[in-house]
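Novice: Got a sequence here, can you model it:
(chains A and B)
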Amino acid sequence: MNCRFYSLLTLGWLAASAGATPLAAQLAVRAGTVYTMAGEPVRDAVVLVRDGKIERVGPASQVAVPAGYKTLRAKVVTPGLIDAHTVVGLAGYLNQKQDQDQLELSTAMQPELRAIDAYDARERLVEWLRNLGITTIHTGHGPGALISGQTMIVKTTGRSAEEDVIVPEAMVAATLGPGARGRNGKSPGTRAKAAAMLRGELIKAQDYLRKRESAGEDERPERDLRLEVLARVLKGELPLLVTVNRIQDILTAIRIGREFHLKLVLDSAAEIYLELDRVKAAGYPVILHPTMHRAGGEYENLSFETAAKLRDAGIPFALQSGYESYVPKTRVVLFEAAVAAANGLGFEDALAAITIDAARILGVADRIGSLEPGKDADLALFDGDPFEYTTHCTGVVIDGRVVSEQPH
Amino acid sequence: MTSYRPLLLVALLTVVGWTPPGFSQDKPLAFAGARIIPIAGEEIPNGVLVVHQGKIRAVGPASSVRIPADARRIDASGKVIMPGLVDSHSHIGGIDGADQSAPIQPDVRILDSINVRDARIQKAQAGGITTVNVMPGSGHLLSGQTLYLKLRDGTTIDDLLIHNPDGSIAGGMKMANGTNSRKKPPFPGTRAKSAALVREEFIKALEYKRKLERAGDDPDKKPPRDLKMEALLEVLDGKRIVHHHTHRHDDILTVLRLQKEFGFRVVLHHVSDAWMVADQIAKAGVGSSIIVLDSPGGKLEAKDIRWENGAALEKAGALVGFHTDDGITDSRLFLRSAAFAVRAGMSRKAALEGLTIANAKMLDLEERVGTLEPGKDADFILLSGDPLSVYTHVLETWVEGKKVFDRSDPKDHLYAVGGYGASHDQGSRIVMEECWR
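Specialist: Just a heads-up that it's a prediction; the model follows:
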């Protein structure tokens, strides 16, 4: 992923604008239990935050709170939660034509569509997720077209795409199976046609890439936004995030991934439990469908226990809120993890699936996903077990700023 | 009110030559050692529940309930027992209500469209639901007659029906206002038109009633039978409760206005803006069957929906129940709705009532279901822990003394958690199993 460059750009921009936004206060969080996701939970703990970064985490007996630090208290503290795949910020809560920007259907493959050009940082659902402890989302173009566009990784701070973004171009979103079918008689009209079209486009991009890199100045093909993005996919700079649910579509995605040596991420994957060995051998990570997704259509065979099976098989995975076309307009990855936790996954693995494991699959584990010195100070505070229905998220910190102090 | 219903049912079932196992249960069953949440009264830490012949015979602390000598004793220690859940609004059963020919279709019965082999019925059993109001959709001002079902194991719709004391089939009437029923003519294009069409139809029904009354016993003077008018008269006579889809605060008040004008009995459903008009709802004395969603929006009418609706209605003194609206939320996660209401300030007591007795009241079934009390139907669930915890599973679901779901049975486990074939209806599953043999 060529995301470091963009991250540096963003950081530079943030530093430059620091005068305009209030500097994060130095912060201490006292907690009954801190799940750092980097080692054992720490009881009766303190998390120190300095200049937007984690300064120190340890037992209160060993970590003194320096003078001038604002202190927050909570029963349980976790890293800020990560939703590994959503469309929030592009698909607005009103669900009216003017606030739905997650899918453009004029043509089947549009890898050139950037998420950052559509992301609404002040959308009410961004705030909704933030208040429930979700501090980072991997969002962008949704499932529903063969290649629907790009995704981005963004904090839920709610200022603007530029200020909140971590990775502006994160992955390229593709769909195989019925979800890829063109509307109004447009291609692809079948599964096999979708695969043929995707392969055809990747071959075109191979050709473009070769000519761009090897041809002399005069013979070099003109810049082509679409092929340029696919060339980055071929080079492994951008993973191809393929939404697939039926087992044959999952295997098609793996077949194409291997043919073009892609960095592939399997998305949704309702029937993946049928072929865990093949998936493991392929080595692709999985961003699993919301646990509570409706069990209809392509999802009719989904199981609450799939996350546990992925864990047992040793396949890296994260959880997501997915895409909803009606009510609720978004799911909440915390709640999806809760139901997975209660169905075989267990507390700590479920928490990992929405923190450190998600950060690793998204390629941002150097910044977020665990509470370690030097990492971003993104914290979620709870008044009990975060997964319990009746527990509240009582506070949220992003980059050292307290962005929510009300119980939700 | 309920005393002769089982007899009626027995008579009916004898006719069709099928005896429900609940009635063949010749020995009492005694569940001992569980924490019992009877809903009627305080929770019992170490309780005993005795059921026999489809009815609850005794419930109380282990120290005071006498277990009959011939009872089969079941150790339920470490488990929680509460009444079977009552879902006041669901769309399970692959139903197919009114069509697009008209906005008001009171003659349409959901009874005539249910597939009892729909896997979602098994999933509802897996969620602990024992009584359910199956309704047609909200795309009409009035989309037809709803059906109150017991989720017994059965193969035809007759196996699941509930009968009123007069022998009629229990059910309500589904109505809706707001945006879902606004479409091209003959459907209304505005809210005021929606109300006008409904008023017009009820006035027609009142005229029909007047003609019937004037005709007295003279068959020549009686107006010709009219299925639509007959069904609306049941509504006007209070025999059929209106279950009214309504979201926005002003639409809620419109329902109350029409209710006042025509005097029908009504339960408000969904009630997204309940927190804005809770006092008016309480003052009108009507019940609310609310939905709990994971986020607001998705449609304009639900943009302001809040988890606080349950607490706001409770505080105002209104009757509150929950519903799944399955497939909007999953029947297997029905307990979750009450838990989220508690998260947002509703009392545990009212929330648990909202899954049981409050809904039973909204379906006129409170004499029969919704609490664990002697004489009531033996509809109950065994839970692995507290009903409001995410970690709790429904272990067993019992309807009228018969176990209809057992999580330890692999077939039932499939419905409880999903997996390959979990959404195939019973018919196709049977075929599949035969193929494998």
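Novice: use CA for all of it now, contacts and neighbours both
Specialist: Will do.
Novice: didn't B:Ser423 look like it was pressed against A:Gly296?
Specialist: Yes: counting by CA atoms under 8 Å, B:Ser423 does reach A:Gly296; the two are 7.4 Å apart.
Novice: These two: which is more packed in?
Specialist: Taking other CA atoms under 10 Å in any protein chain shown, B:Ser423 and A:Gly296 do not tie; B:Ser423 has more neighbours (24 against 11).
Novice: Tell me which residues touch that one, please.
Specialist: By CA atoms under 8 Å, 6 or more residues apart in numbering or on different chains, the contact list for B:Ser423 reads A:Ala295, A:Gly296, A:Glu300, A:Asn301, B:Ala119, B:Arg120, B:Tyr415.
Novice: And those, which is closest to A:Arg73?
Specialist: Using CA to CA, A:Ala295 comes nearest to A:Arg73 of the contacts of B:Ser423, at 39.8 Å.
Novice: what's around that closest one, how many residues?
Specialist: A:Ala295 has 20 nearby residues by other CA under 10 Å.
Novice: Now, of the contacts of B:Ser423, which are buried?
Specialist: A:Ala295, A:Glu300, A:Asn301, B:Ala119, B:Arg120, B:Tyr415 (16 or more other CA atoms under 10 Å in any protein chain shown).
Novice: What about these, which are in helices?
Specialist: Counted as lying in helices by DSSP state H, out of these, are B:Ala119, B:Arg120, B:Tyr415.
Novice: Spit out the contact partners of the residue lying closest to the first one once chain neighbours are set aside.
Specialist: Leaving out its chain neighbours, the residue that sits closest to B:Ala119 by CA to CA, 6 or more residues apart in numbering or on different chains is B:Asp425, at 4.5 Å. Residues near B:Asp425 by CA under 8 Å, 6+ apart: B:Arg117, B:Asp118, B:Ala119, B:Arg120.
Novice: Tell me the one among those residues nearest to chain A.
Specialist: Among those, B:Arg120 lies closest to chain A (CA to the nearest CA), at 9.6 Å.
Novice: The residue nearest to that closest one when sequence neighbours are not counted: neighbour count?
Specialist: Counting by CA to CA, 6+ apart, B:Arg120 lies nearest to B:Ile92, which is 5.7 Å off, once chain neighbours are set aside. For B:Ile92, the neighbour count with other CA under 10 Å is 26.
Novice: Tell me which two of the buried ones among the contacts of B:Ser423 sit farthest apart.
Specialist: Distance extremes for those: the farthest pair is A:Asn301 and B:Arg120 at 12.8 Å, using CA to CA.
Novice: Helices of the stretch 301-408 of chain A, start to end?
Specialist: A:306-313, A:333-340, A:347-352, A:356-362 (DSSP state H, counting those that start in this stretch).
Novice: most tightly surrounded among the ones you listed?
Specialist: Among those, helix A:333-340 has the highest mean neighbour count (mean count of other CA atoms under 10 Å in any protein chain shown), at a mean of 26.
Novice: Most distant residue from the centre of the chain?
Specialist: Since no chain was named, I'll use chain A. A:Asp218 (40.9 Å; CA atoms, centre = their mean).
Novice: try chain B instead
Specialist: Farthest-from-centroid check, chain B (CA atoms, centre = their mean): B:Asp220, 40.6 Å.
Novice: Next one, pLDDT for that residue please.
Specialist: As predicted, B:Asp220 sits at a pLDDT of 92.
Novice: and what of B:Thr14?
Specialist: For B:Thr14, pLDDT reads 39.
Novice: and if you look at B:Val431?
Specialist: So, for B:Val431, pLDDT stands at 39.
Novice: Over to A:Leu225?
Specialist: Looking at A:Leu225, the pLDDT reads 97.
Novice: Leaving out the residues flanking it, which one is nearest to it?
Specialist: A:Glu112 (5.7 Å).
Novice: Enumerate every residue touching the residue lying closest to A:Glu123 once chain neighbours are set aside.
Specialist: Ranked by CA to CA, 6+ apart and with sequence neighbours excluded, the top spatial neighbour of A:Glu123 is A:Gly89, at 5.8 Å. Taking CA under 8 Å, 6+ apart, we find A:Gly89 in contact with A:Ala118, A:Tyr119, A:Asp120, A:Ala121, A:Arg122, A:Glu123, A:Leu125, A:Val126, A:Thr139, A:Gly140.
Novice: hmm, back to that, for the helices of the stretch 301-408 of chain A, which one sits closest to chain B?
Specialist: Among the helices of the stretch 301-408 of chain A, the nearest to chain B by CA to the nearest CA is helix A:333-340 (6.7 Å).
Novice: Tell me how far that closest one lies from the chain's centre.
Specialist: For helix A:333-340, the gap between its own C-alpha mean and the chain's C-alpha mean amounts to 15 Å (CA atoms, centre = their mean, to the nearest Å).
Novice: got the CA coordinates for that helix in PDB?
Specialist: What follows is helix A:333-340, C-alpha atoms only, in PDB (Å, rounded to 0.1, in the frame of the first residue of the first chain):
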ATOM      1  CA  VAL A 333     -19.500  -3.200  14.800                       C
ATOM      2  CA  LEU A 334     -19.400  -3.300  18.600                       C
ATOM      3  CA  PHE A 335     -22.800  -5.000  18.700                       C
ATOM      4  CA  GLU A 336     -21.800  -7.400  15.900                       C
ATOM      5  CA  ALA A 337     -18.700  -8.400  17.800                       C
ATOM      6  CA  ALA A 338     -20.800  -8.900  20.900                       C
ATOM      7  CA  VAL A 339     -23.000 -11.500  19.300                       C
ATOM      8  CA  ALA A 340     -19.900 -13.200  17.800                       C
END
